[in-house]
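J.: Okay, sequence plus prediction incoming.
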There are 2 protein chains.
Amino acid sequence: MDKKTLFGNIQRKASFLCVGLDTDLAKIPSHLLKEADPIFAFNREIIDKTADFAVAYKPNIAFYEALGPKGWESLQKTLEYIPKDIFTIADAKRGDIGNTSKLYAKAFFEQMDFDSITVAPYMGKDSVSPFLEFKDKWVILLALTSNEGSKDFQVLGTEGGKPLFQQVLEKSQQWGTDDNLMYVVGATRGEKIAEVRKYAPDHFFLVPGVGAQGGSLEEVAKYGMNKSCGLLVNSSRGIIYASEDKDFGDRARVEAEKLQQEMAKLLEQYC
Amino acid sequence: MDKKTLFGNIQRKASFLCVGLDTDLAKIPSHLLKEADPIFAFNREIIDKTADFAVAYKPNIAFYEALGPKGWESLQKTLEYIPKDIFTIADAKRGDIGNTSKLYAKAFFEQMDFDSITVAPYMGKDSVSPFLEFKDKWVILLALTSNEGSKDFQVLGTEGGKPLFQQVLEKSQQWGTDDNLMYVVGATRGEKIAEVRKYAPDHFFLVPGVGAQGGSLEEVAKYGMNKSCGLLVNSSRGIIYASEDKDFGDRARVEAEKLQQEMAKLLEQYC
């Protein structure tokens, strides 16, 4: 999917909501465990009920990998079930030497047909570039994450007084453009997201920190939005586990719509 | 596997050789393509012929993931086929927020039974710690890799004038010990590996850079060895693709034995 199409979808749906499909056998309603593929059965219902309000779906690959070969089949079926006009993110945080990254890129962009993949920057340019060579596919590079451990290395001051995440933002813009490169930005305080936005004014940010991970949607939009919206804000648990019962799909729909309504106002105000 | 057992195996076999199972359908001898599971058929032959000389096997997970669910089955079969006294490394370079890293740990340490997994440090402590909670299982943390892109971030000077990889080495030693934490150290020049050894005197290093990736085994041993050997030196292509023909297993054995013979001398000299 290209950037223009993604922004078109955001405008049409008045939403920049990404629904995280962190689907866990231990958390899905128990009546689904009778199904041949409980994970897919759960995802299908979530997709059916939230597709009106979401512009992206983000399966976290660990949840599928933890189930072995069957998990990969559930993932593949889920991906095929997602309507084609919705952006898909393999939240895989991959990254290896060049020929290996190329294999990961083939796995997620060809073997499966994801629009994008999250990638870790530690190994530098040749670990990221192979993912950037696929037309209309995206790298979403970890820049500043929202977890406690982000303080260990990402904010360390480096040469020129720049924190490491700024080096990642600046260097990686020599490898890709705002048409094939986004960033994971877990900043949820206004001043922080404004700072990150300064170093990457045109790129999309994937913001993981709304819902269970905390964070104010209003602040993210006010300080992070650009003229193409520039934001995909993810919510996982707050939507998909809104109910533990048979009504989980309907309750997910209610939560997704709530966020979409808020996002519609923010788009009008800041974009 | 615990450290004592690993060092015992190194002494018994007079070898610190890790064989990288980067098994690629496009590169294996064509007669194997008739087999039901060509990847496993190839790996089985390589293991049969090299197990006398190797103390570790390291499947690069990308090669299996690129084949979809079938690839995971080949990986699982390969892992089960490796003799139990040989250390196994899932070269996966994973790392995510805590609850997600926990799932990856379960996938590789429980669902599969790898002894260790390579992990990327960018997301900090809570992305690494979940892997350290499994008894006799190991994290092999990326410190200084051997690829060109290692120069982008890993060697950047940070606070106190310390390059980033030194920060990774120092901080991570507060999270794990030399009984459950190793490092990927792609330094193949003597002075560089001596520098890294200074910051982590007791830990094992996984060194990827011998063979196709270049690098001198003599220098690595001279400057990198410690009193428990402290080195696992990997060779992939140089061994497993020594021949493209039906004799690939025998030729792999020859190459593995050559390295083992060299290692035997180096162990005597420096350990």
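T.: On my side now, so go ahead.
J.: where exactly do the helices run in the stretch 151-271 of chain A?
T.: Using DSSP state H, counting those that start in this stretch, the helices of the stretch 151-271 of chain A run over A:164-172, A:190-199, A:217-224, A:237-240, A:248-270.
J.: Of those, which is nearest chain B?
T.: Counting by C-beta to the nearest C-beta, chain B lies closest to helix A:164-172 out of the helices of the stretch 151-271 of chain A; the figure is 5.7 Å. Heads up, the C-betas are built off the backbone N, CA and C, glycines and all.
J.: What mean pLDDT does that closest one get?
T.: Per-residue pLDDT over helix A:164-172 has a mean of 98.
J.: For that helix, name the packing helices and strands.
T.: strand A:138-144, helix A:190-199, helix B:150-153 (3 or more C-beta pairs under 8 Å, 6 or more residues apart in numbering or on different chains; DSSP states H and E).
J.: do that again at 10 Å, thanks
T.: helix A:125-128, strand A:138-144, helix A:150-153, strand A:181-185, helix A:190-199, helix B:150-153, helix B:164-172 (3 or more C-beta pairs under 10 Å, 6 or more residues apart in numbering or on different chains; DSSP states H and E).
J.: Mind listing residues that contact the third one?
T.: Read that as helix A:150-153. A:122, A:142-145, A:163-165, A:186-187, B:97, B:121-128, B:153, B:158, B:164, B:167-168, B:171-172, B:174-175 (C-beta atoms under 10 Å, 6 or more residues apart in numbering or on different chains).
J.: buried set for that helix?
T.: Residues A:Ser150, A:Asp152, A:Phe153 are the ones in helix A:150-153 that count as buried (16 or more other C-beta atoms under 10 Å in any protein chain shown).
J.: pLDDT of it, averaged?
T.: 97.
J.: likewise the fourth one?
T.: In this model, strand A:181-185 carries a mean pLDDT of 97.
J.: list the contacts for the residue nearest to A:Arg94 when sequence neighbours are not counted?
T.: Counting by C-beta to C-beta, 6 or more residues apart in numbering or on different chains, A:Tyr104 is the residue found nearest to A:Arg94 once chain neighbours are left out, at 4.5 Å. Contacts for A:Tyr104 (C-beta under 10 Å, 6+ apart) come out as A:90, A:92, A:94-96, A:117, A:119, A:127, A:130-131, B:61-63, B:65-66, B:93.
J.: interface residues of the stretch 151-271 of chain A facing chain B?
T.: A:151-160, A:162-165, A:167-168, A:171-172, A:174-175, A:184, A:186, A:208, A:213, A:237 (C-beta under 10 Å from any C-beta of the partner chain).
J.: one more time with 8 Å, if that's ok
T.: Residues of the stretch 151-271 of chain A found near chain B (C-beta under 8 Å from any C-beta of the partner chain) are A:Lys151, A:Asp152, A:Phe153, A:Gln154, A:Leu156, A:Gly157, A:Thr158, A:Glu159, A:Leu164, A:Gln167, A:Val168, A:Lys171.
J.: so the fourth one touches A:Leu164, yeah?
T.: Yes: counting by C-beta atoms under 8 Å, A:Leu164 is a contact partner of A:Gln154 at 5.3 Å.
J.: Give me the phi and psi for A:Leu79.
T.: When read as degrees, to the nearest 10, the backbone of A:Leu79 gives phi -60, psi -40.
J.: same check, this time on A:Tyr81
T.: phi -80, psi -20.
J.: how about A:Cys18, secondary structure?
T.: The three-state assignment at A:Cys18 reads strand, by DSSP: H, G, I helix; E, B strand; the rest coil.
J.: can you tell me which residues contact it?
T.: A:Ala54, A:Val55, A:Ala56, A:Tyr57, A:Lys58, A:Phe87, A:Ile89, A:Leu206, A:Leu232, A:Val233, A:Asn234, A:Ser235 (C-beta atoms under 8 Å, 6 or more residues apart in numbering or on different chains).
J.: Among the residues you listed, filter down to the buried ones and hand me the PyMOL syntax, if you would.
T.: Per 16+ other C-beta under 10 Å, the buried members of the contacts of A:Cys18 correspond to this PyMOL selection:
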select buried, chain A and resi 54+55+56+57+58+87+89+206+232+233+234+235
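J.: okay, the nearest residue to A:Val254 once chain neighbours are set aside: pLDDT?
T.: Nearest residue to A:Val254 in three dimensions, chain neighbours excluded: A:Ala242, at 7.0 Å (C-beta to C-beta, 6+ apart). For A:Ala242, the model assigns a pLDDT of 96.
J.: what number of residues lie near A:Ala242?
T.: Residues near A:Ala242, counting by other C-beta atoms under 10 Å in any protein chain shown, number 18.
J.: how about low-confidence regions in the stretch 101-250 of chain A?
T.: A:209, A:211-215 (pLDDT under 70).
J.: ok, now with 80
T.: A:187-189, A:209-215 (pLDDT under 80).
J.: State the distance from the residue lying farthest from the centre of chain A to B:Asp22.
T.: Ranking residues of chain A by C-alpha distance from their mean position (C-alpha atoms, centre = their mean) puts A:Gly160 at the top, at 30.7 Å. Separation of A:Gly160 from B:Asp22 (C-beta to C-beta, to the nearest Å): 38 Å.
J.: ok, now A:Val254?
T.: Applying C-beta to C-beta to A:Val254 and B:Asp22 gives a distance of 48 Å.
J.: Then A:Phe153?
T.: Computed as C-beta to C-beta, the A:Phe153 to B:Asp22 distance reads 28 Å.
J.: repeat for A:Lys4
T.: To B:Asp22, A:Lys4 is 39 Å away according to C-beta to C-beta.
J.: The two: which is more packed in?
T.: Counted by other C-beta under 10 Å, A:Lys4 and B:Asp22 do not tie: B:Asp22 has more neighbours, with 22 against 10.
J.: tell me the contacts of that one?
T.: B:Asp22 neighbours (C-beta under 8 Å, 6+ apart): A:Thr100, B:Pro59, B:Asn60, B:Phe63, B:Ser236, B:Arg237, B:Ile240.
J.: what sits against the residue nearest to A:Lys137 when sequence neighbours are not counted?
T.: The shortest distance from A:Lys137 to any residue other than its chain neighbours is 4.9 Å, reached at A:Phe109 (C-beta to C-beta, 6+ apart). By C-beta under 8 Å, 6+ apart, A:Phe109 lies in contact with A:Ile117, A:Phe131, A:Phe134, A:Lys137.
J.: Same check on A:Met123?
T.: A:Gly95, A:Asp96, A:Ile97, B:Lys93, B:Ala120, B:Leu142, B:Thr145, B:Asn147, B:Gly149, B:Ser150, B:Gln154.
J.: go on, A:Cys271?
T.: Contacts were defined as C-beta under 8 Å, 6+ apart; by that measure A:Cys271 touches A:Met225, A:Asn226, A:Lys227, A:Ser228, A:Cys229.
J.: measure the first one to B:Leu141 for me?
T.: Note on A:Met225: its distance to B:Leu141, by C-beta to C-beta, is 37 Å.
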